[in-house]
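Asker: Fold the following, please.
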Amino acid sequence: MVFEVDAGAVDYAAVLIDAGQSAAAKAVLAEALPPKPPAVQDSNPVVMRAAALYAVVLGRDPAAERWATHAFEVSQRLPEPDALPALAARGALAGVLYRAGQLDRCIQLFQGLVEGLQRRVGPDGSAALIARADLALAQHVNGRCAAARTEMSTVLAAYRRHHPHDHRTHVRMLLTLAQMQRRCQADPDAVQSFVAAVTLAHQHLPTGDPLIRQATRLARTPGGPPCRQCRDGATAGSYLYGDADGGVTR
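Answerer: Reported below is the predicted structural model:
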């Protein structure tokens with residue numbers, strides 16, 4: 001018996017997430033979904049989408065991985081596992097694994113997500129570029145510092161060129177790059193990126209927008225210890241640093 005979820009509630013939750021209102025979205029999805037994921041064979045694409053969104057807003061809650069895994073498993077049973085909703089489920093699981101520090105599997109999923117989105121929306125599509133940014137962040141945390149910073153800068157430039165009016169994503173990408181630079185002891189570059197993010201947020205986002213507060217807080221927060229790779233010249237190994245909830249889509 002297929003479990004049913006109100007598609008309108010899921011759409012509304014997605015709008016709330018896009019507006020930065022994660023707590024409100026979590027309440028909507030908690031009401032729409034059962035206490036635990038239904039059987040994979042009893043879940044349709046609407047349930048898959050709801051589960052993926054719920055995993056995103058749950059953050060570090062242990063239930064996030066359960067819901068994200070459910071969404072991904074449902075996506076693999078669809079006739080088109082590379083359809084956009086299925087790719088979103090893949091991205092949700094990658095994000096959850098990132099927060100849990102399971103970086104190898106996370107990077108593998110992000111790589112598949114980038115490839116799938118580039119086929120679906122083109123290499124310059126918004127979703128494809130955002131996925132590349134998230135992949136760069138995961139690779140940076142996993143020790144590929146210089147390559148990841150270069151990739152993040154490249155993605156940011158491409159996003160500005162192809163999506164000049166998506167200021168919210170520009171701010172998020174700048175904050176991600178700034179945190180990479182600060183961890184890699186590129187302090188002048190980090191300051192420049194933080195200033196650009198805060199300025200852009202104040203210029204283009206509504207007064208009181210949560211992203212303005214986040215940008216200001218991050219810019220004022222002292223940097224933690226440098227990443228191990230940049231501190232001692234190591235070229236391999238992984239590390240996790242302080243605030244691992246950054247990133248473009250989370």
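Asker: ranges for the helices of the chain?
Answerer: 7-18, 22-32, 45-58, 63-75, 84-99, 103-121, 126-141, 145-162, 167-183, 187-204, 210-220, 228-232 (DSSP state H).
Asker: Now tell me what touches stretch 116-131 from outside.
Answerer: 82-84, 87, 90-91, 110, 113-114, 155, 158-159, 162-163, 166, 169, 248-249 (Cβ atoms under 8 Å, 6 or more residues apart in numbering). In short, each C-beta sits where N, CA and C put it, glycine included.
Asker: And the helices of the chain: which comes nearest residue 39?
Answerer: helix 63-75 (9.3 Å; Cβ to Cβ).
Asker: just to revisit the earlier point, which among the contacts of stretch 116-131 count as buried?
Answerer: By neighbour count, with 16 or more other Cβ atoms under 10 Å, the contacts of stretch 116-131 hold 82, 87, 90-91, 110, 113-114, 155, 158-159, 163, 166, 169, 248-249 as buried.
Asker: Please verify my assumption that residue 25 contacts residue 57.
Answerer: Yes: using Cβ atoms under 8 Å, residue 25 is in contact with residue 57, at 5.0 Å.
Asker: For residue 146, grab the count of nearby residues.
Answerer: Residues lying near residue 146 (other Cβ atoms under 10 Å) number 12.
Asker: what does residue 208 give?
Answerer: Going by other Cβ under 10 Å, the residues that sit close to residue 208 add up to 7.
Asker: Likewise for residue 187?
Answerer: 11.
Asker: Now do it against residue 139, distance only.
Answerer: Look at residue 187 and residue 139: by Cβ to Cβ, to the nearest Å, they are 22 Å apart.
Asker: now swap in residue 60 and tell me
Answerer: According to Cβ to Cβ, residue 60 stands 21 Å off from residue 139.
Asker: who's in contact with the residue lying closest to residue 210 once chain neighbours are set aside?
Answerer: Closest residue in space to residue 210, ignoring its immediate chain neighbours: residue 20 at 4.5 Å, by Cβ to Cβ, 6 or more residues apart in numbering. Each residue near residue 20 by Cβ under 8 Å, 6+ apart is listed here: 168, 209, 210, 211.
Asker: Ok, residue 88 next?
Answerer: Residue 88 neighbours (Cβ under 8 Å, 6+ apart): 49, 52.
Asker: hmm, back to that, farthest pair within the buried ones among the contacts of stretch 116-131?
Answerer: Farthest pair in those (Cβ to Cβ) is 82 and 166. Separation: 23.8 Å.
Asker: Export the contacts of residue 20 to JSON lines and append columns for distance to residue 98 and pLDDT.
Answerer: Converted to JSON lines, these look like this (distance: Cβ to Cβ, whole Å; pLDDT from 0 to 100):
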{"residue": "168", "distance to residue 98": "20", "pLDDT": "94"}
{"residue": "209", "distance to residue 98": "24", "pLDDT": "90"}
{"residue": "210", "distance to residue 98": "21", "pLDDT": "89"}
{"residue": "211", "distance to residue 98": "20", "pLDDT": "92"}
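Asker: Pull up the overlap in contacts between residue 25 and residue 57.
Answerer: 13, 17.
Asker: Can you pull the poorly scored residue ranges out of the chain?
Answerer: Counting by pLDDT under 70, the ranges of the chain that qualify are 1, 223-250.
Asker: try it again with 80
Answerer: 1-2, 186, 222-250 (pLDDT under 80).
Asker: returning to that earlier point: what about residue 60 and residue 139, which has more around it?
Answerer: residue 139 (21 against 11).
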